[in-house]
Structures are given as C-alpha cells and as structure tokens.
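Student: Sequence unavailable; structure follows:
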C-alpha cells in the first residue's frame with residue numbers, strides 16, 4: 001500500500017477525535033497513531049471478541065506501550081503534565097478508532113500490518 005494511504009488513515013483518525021485534539025496538536029496525534037501502529041497487538045485482538053473483558057487488558061497493555069514510547073520521543077520535560085492534560089484523554093479515542101477500523105474488514109488488518117512493516121523499515125534506514 002502506498003504511503004499516501006497511511007497519511008489518509010492518520011487524517012481519518014484525526015477527524016474522528018473530539019475537540020480536545022486541538023490542545024494536543026495534529027503532529028502529536030499523528031505520532032500517537034504511528035506508535036499505536038507499531039505496537040498494535042494483532043494476536044491479542046484476533047483471539048478475543050470485541051466485547052470480551054480480555055480486550056480491556058490488551059488495550060491497557062497497548063496504552064502502557066504507547067505512553068512509554070511517547071515519553072521517549074517527547075523527553076522528560078513536562079511530560080507527565082502534557083500526557084495527563086492532552087494525550088491521555090485522546091489515546092483511548094485513538095485506540096478505539098483504530099480498533100474499529102481494524103475489526104471492520106480483513107483488508108484493513110492487512111493494511112495496518114503493511115504500514116507497520118513500512119514504519120519499521122524506515123526506522124532501520
């Protein structure tokens with residue numbers, strides 16, 4: 001899948017978020033989407049039903065991974081305040097939007113895997 005599809009996906013996630021997205025900023029939300037793609041728990045989500053309580057555990061693990069990586073990217077200065085005020089409320093919305101996309105069609109799952117491989121490949125260059 002071309003890179004432009006990933007950009008369109010990021011824009012779609014941005015558009016689906018509540019107004020609080022403007023406090024965090026578009027670049028930060030795009031970073032969250034990228035981190036979520038890289039850490040997306042395909043196996044965990046594939047083996048459990050959408051309404052299952054184990055799904056909550058998979059989401060919490062994804063949230064912890066996203067927070068850890070975002071902290072590394074953002075640095076220590078004022079991280080906790082920014083995370084709690086701007087990012088944490090949006091992270092759940094980002095995950096829910098991405099999960100809905102992922103669950104809706106098998107082709108979407110393949111697209112997310114392809115984007116993850118592209119992102120990992122970019123990191124190795």
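Tutor: Noted; the coordinates are in hand. All values derive from a computational prediction rather than experimental measurement.
Student: pLDDT (mean, whole number) over stretch 106-114?
Tutor: Stretch 106-114 carries an average pLDDT of 91.
Student: Counting neighbours, show which residues of it come out buried.
Tutor: Residues 109, 111-112 are the ones in stretch 106-114 that count as buried (16 or more other C-beta atoms under 10 Å). Every residue, glycine included, has its C-beta placed from N, CA and C.
Student: With stretch 64-81 instead?
Tutor: Going through stretch 64-81 with 16+ other C-beta under 10 Å, the ones that come out buried are 65-67, 69-70, 79.
Student: And the contacts of the helix or strand encompassing residue 121?
Tutor: Residue 121 belongs to helix 106-124 when elements are defined using DSSP states H and E. Surrounding helix 106-124, the residues in contact under the criterion C-beta atoms under 8 Å, 6 or more residues apart in numbering are 1, 3, 5-6, 9, 34, 37-38, 40, 42, 98, 101-102.
Student: now swap in stretch 76-93 and tell me
Tutor: So stretch 76-93 is in contact with 16-18, 20-21, 23-24, 28-29, 32, 59, 63, 66-67, 70-71, 74, going by C-beta under 8 Å, 6+ apart.
Student: Which of these fall in strands?
Tutor: Residues of the contacts of stretch 76-93 located in strands (DSSP state E): none.
Student: Quick check: PyMOL command selecting the buried ones in those.
Tutor: Here is the PyMOL command that selects only those of the contacts of stretch 76-93 that count as buried (16+ other C-beta under 10 Å):
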select buried, resi 17+21+24+28+29+32+59+63+66+67+70
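Student: Adding distance to residue 86, write the buried residues of stretch 106-114 out as TSV.
Tutor: Converted to TSV, these look like this (distance: C-beta to C-beta, whole Å):
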residue	distance to residue 86
109	29
111	28
112	25
